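>>> Take a look and give me a structure for this.
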Amino acid sequence: MEIEVFNETKENLDQELSDLKTLLINVAKDEGLDNILFNVIIVDNSKIRELNRDYRNIDRETDVISFALEDDKTFNLDEIRVLGDIYISIDKARSQALEYGHSFKRELSFLAIHGFLHLLGYDHMTEDEEKVMFKKQEEVLSRYEINR
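So this is what the prediction gives:
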């Protein structure tokens, strides 16, 4: 299993990102996934707005964007599932933590789990899909006692 976490901001997030990587490794193990590779990239609002505009034709900031590669079987390398990339806006994570009245750790964890579930094929385009995905997110966060 290889999960890389990159900080493309000027903020010192060493401890937060170390904790986030540990969480994602544990969640992947809980899901029985030991042959995966994906990245989490922490960016600012400017960069995530650029990604949102260029890849989703939505010209505004967002909190998390996932780029799943698994739909294209050419990204499987010697039995390793290359899932893709998760981009998280540190600015949105901070502002949403304040807005929702919970910790930065909880918001960052929520966004990473949300992105990870997208890489695994979960979605929330319909009400039924949303129920399944959001229930799974809350179960994961509760299991690791990352509560509101």
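
>>> Would you mark the buried spots in the longest strand that the chain contains?
When the chain is scanned for its longest strand (criterion: DSSP state E), the result is strand 80-89. Neighbour counts using 16 or more other C-beta atoms under 10 Å place 81-89 of strand 80-89 among the buried residues. Yep, even glycine has a C-beta here, placed from its N, CA and C like the rest.

>>> Please enumerate the strands of the protein.
If you assign secondary structure with DSSP E, the strands in the chain sit at 2-7, 36-43, 64-68, 76-77, 80-89.

>>> I'd like those as CSV, with mean pLDDT and distance to residue 134 appended.
Listed next are the strands of the chain as CSV, based on pLDDT from 0 to 100; distance: least, C-beta to C-beta, whole Å:
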stretch, mean pLDDT, distance to residue 134
strand 2-7, 96, 23
strand 36-43, 96, 20
strand 64-68, 95, 14
strand 76-77, 58, 29
strand 80-89, 93, 17
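
>>> Could you save those strands as a markdown table and add columns showing distance to residue 27?
A markdown table is the format used below for the strands of the chain (distance: least, C-beta to C-beta, whole Å):
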| stretch | distance to residue 27 |
| --- | --- |
| strand 2-7 | 10 |
| strand 36-43 | 11 |
| strand 64-68 | 15 |
| strand 76-77 | 21 |
| strand 80-89 | 13 |
